[in-house]
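Novice: return a 3D structure for these sequence lines:
(one chain, ligands or ions: 1)
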Amino acid sequence: MNPLLQKLQSYPFEKLRVLFKDITPRAGVKPISFGIGEPKHPTPALIRDAVIDSLGGMASYPATLGSEPLRESIAAWVKQRYHLPSVDPLTEVLPVSGSREALFALAQTVIDNRTTDPAQPPIVLCPNPFYQIYEGAALLAGAEHYFVNSDPARNFACDYSTVPEDIWARTQLVYVCSPGNPTGAVMTLDDWRELFALSDKHNFVIASDECYSEIYFDETKPPLGGLEAARLLGRGFERLIMLSSLSKRSNVPGMRSGFVAGDASILKAFLLYRTYHGAALSTVFQRASVIAWQDETHVRDNRAKYLQKFKTVTPMLAEVLDVRLPDAAFYLWANVSRTGLTDTEFAARLYADYNVTVLPGSFLARTAHGTNPGEGFVRIALVAEVEECVEGARRIVEFCRTLGA
Ligand SMILES: Cc1ncc(COP(=O)(O)O)c(C=O)c1O
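Specialist: You can find the predicted model right below:
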């Protein structure tokens, strides 16, 4: 067996299962889950219809490069969304089977783990808290991860000035997540300027996970993307790859349809890797994805639903917890310290007494530099329909009141 597998940590939802395993929620109370970040709004009819109309595609093997119409529709979307002068559909975009597998596979492509000193493996920098795939991708690529804690005092931005020079010297890949899971924070142009300067100095690749980019609350202010930041700063896409998907934007996590875009030389190597990796997006979903990337109406409708939920639920919860509207994405990252409970105690008692599931923040972060930056927080995924979210929030408020919050 590959010994690196032993380095993998159990997934946050497995930790949650263990936390809840001896708890029987109060009888007669309908379960409400704010735990998993899986979109629950119905799949738009135009995408369902497109899937049905495309079923004939099952008769053929899909091309790893993706079909021409799909690459063109993705390139057109990226160009329009990020105000770019041009995006080459042939060399600067590549369809993938959801951003998760691409985040993983990218590390396997980029990391050069040949080293003269086994005690000094290459480094992959991850934000902390973070999406756990980054860590597993780094470990299975033969790299070591280094966590940069996000700072609540700076809207959860990572403070890269804390990273020592000898770590930078070994850093080959930096993951960023904007809008962030779990904090919802969006990187600013200044954040990007700093990161690009570091990448120029230390020659690392930036993997910008942007799968929440289309869930935001002000129609006039879509989150800044990495490619857009590069253009605004007068750069090209060198050493920069963005990853996105239809999962959250179009409520089709089961379709596994995403893309990567950016540095053509990295994408060339990535395509080669993927030829063997064998995760080409099914022809049926390639065809339906063209329709999905070409339509913004369903995306605006989707955002309107999230806005309604966040506008209703956030002020309710702000009465009892330290929480505010995030920049973007569909999570509330709530500090529960004032209830006197830890994040795991809070989640366990809320589940037992009110049958509401939230995810303890410490499960989404690692202890690094003497602290677990997820401790004291819970992640509340507002993915269910409005009424259910409001009912769940009402129960959380009642629970916190019993704790004197
Ligand atoms: C931060 C982040 N990145 C990537 C993904 C993967 O999404 P998908 O593979 O559906 O594109 C998720 C899924 O929840 C996520 O939270």
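
Novice: every contact and neighbour count from this point should use C-alpha atoms.
Specialist: Will do.

Novice: report how many residues lie close to the closest residue to the ligand within the stretch 251-400 of the chain.
Specialist: Using CA to the nearest ligand atom, Pro253 is the residue of the stretch 251-400 of the chain that sits closest to the ligand, at 5.0 Å. Residues near Pro253, counting by other CA atoms under 10 Å, number 18.

Novice: find the nearest non-adjacent residue to it, please.
Specialist: Distance criterion CA to CA, 6 or more residues apart in numbering; nearest residue to Pro253, sequence neighbours excluded, is Ser247 at 4.0 Å.

Novice: double-check the one you found against Ile215; I have them as touching.
Specialist: No: look at Ser247 against Ile215 with CA atoms under 8 Å: they stay out of range, at 11.1 Å.

Novice: list the contacts for the residue of the stretch 251-400 of the chain closest to the ligand?
Specialist: Glu38, Pro39, Gly98, Leu246, Ser247 (CA atoms under 8 Å, 6 or more residues apart in numbering).

Novice: how about the residues of the protein near the ligand?
Specialist: By CA under 6 Å from any ligand atom, the part of the chain that sits against the ligand consists of 37, 98-100, 131, 181, 209, 211, 245, 247, 253, 256, 258.

Novice: now render the residues you listed as TSV, adding pLDDT.
Specialist: TSV is the format used below for the residues of the chain next to the ligand (pLDDT from 0 to 100):
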residue	pLDDT
Gly37	88
Gly98	97
Ser99	97
Arg100	97
Tyr131	96
Asn181	97
Asp209	98
Cys211	97
Ser245	98
Ser247	97
Pro253	96
Arg256	97
Gly258	98
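
Novice: now the two most distant members of those residues.
Specialist: Asn181 and Arg256 (18.5 Å; CA to CA).

Novice: which one of these two has more residues nearby?
Specialist: Asn181 (24 against 20).

Novice: surely Cys400 touches Ser337?
Specialist: No: contact criterion CA under 8 Å: Cys400 and Ser337 do not qualify, at 10.9 Å.

Novice: which residue of the two possesses the greater neighbour count?
Specialist: Cys400 (20 against 16).

Novice: tell me where the stretch 151-300 of the chain has strands.
Specialist: 157-158, 171-177, 205-209, 240-245, 258-262 (DSSP state E, counting those that start in this stretch).

Novice: to Ala348, which of those strands lies closest?
Specialist: Comparing these by CA to CA, strand 171-177 comes nearest, at 28.0 Å.

Novice: and the angle for the closest one with strand 205-209?
Specialist: 20 degrees (axes from the mean of the first three to the mean of the last three CA atoms, to 10 degrees).

Novice: check which helices and strands strand 171-177 sits against.
Specialist: Packing partners of strand 171-177 (3 or more CA pairs under 8 Å, 6 or more residues apart in numbering; DSSP states H and E): helix 99-110, strand 123-128, strand 205-209.

Novice: picking that back up, tabulate the contacts of Pro253 (TSV), appending neighbour count.
Specialist: TSV is the format used below for the contacts of Pro253 (neighbours: other CA atoms under 10 Å):
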residue	neighbour count
Glu38	18
Pro39	21
Gly98	24
Leu246	24
Ser247	21
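
Novice: isn't Leu16 right next to Leu359, touching?
Specialist: Yes: between Leu16 and Leu359 there is a contact under CA under 8 Å: 7.2 Å.

Novice: quick one: which of the two has more around it?
Specialist: Higher neighbour count among Leu16 and Leu359: Leu359, with 27 against 19, using other CA under 10 Å.

Novice: hey, what's that one bridged with?
Specialist: Arg379 (DSSP bridges).

Novice: for it, what are its contacts?
Specialist: Pro12, Leu16, Phe34, Gly35, Ile36, Ala347, Val378, Arg379, Ile380.

Novice: tell me how far the fourth one lies from Glu14.
Specialist: According to CA to CA, to the nearest Å, Gly35 and Glu14 sit 12 Å apart.

Novice: which one's more surrounded, those two?
Specialist: Neighbour totals were compared for Gly35 and Glu14, and Gly35 leads with 22 against 12 (other CA under 10 Å).

Novice: does the more buried one sit in a helix, a strand or a coil?
Specialist: coil (DSSP: H, G, I helix; E, B strand; the rest coil).

Novice: so what's it closest to, chain neighbours aside?
Specialist: Val358 is the one closest to Gly35 (CA to CA, 6+ apart), at 4.6 Å.

Novice: and that neighbour, what does it touch?
Specialist: Ser33, Phe34, Gly35, Ala347, Val378, Arg379, Ile380, Ala381.

Novice: cool, and Leu243?
Specialist: Ser99, Ala102, Leu103, Ala207, Ser208, Asp209, Glu210, Cys211, Gly258, Phe259, Val260, Ala261.

Novice: let's see that with 6 Å instead.
Specialist: Leu243 makes contacts with Ser99, Asp209, Glu210, Phe259, Val260, as judged by CA atoms under 6 Å, 6 or more residues apart in numbering.

Novice: again with Glu214
Specialist: By CA under 6 Å, 6+ apart, the neighbours of Glu214 are Arg249.

Novice: Asp322 bridge partners, please.
Specialist: Asn335.

Novice: need the single longest helix in this protein, by residues.
Specialist: The helix spanning the most residues in the chain, taking DSSP state H as the definition, is helix 297-318.

Novice: what's it in contact with?
Specialist: In contact with helix 297-318 (CA under 6 Å, 6+ apart) are residues Ile215, Phe217, Arg249, Val386, Val390.
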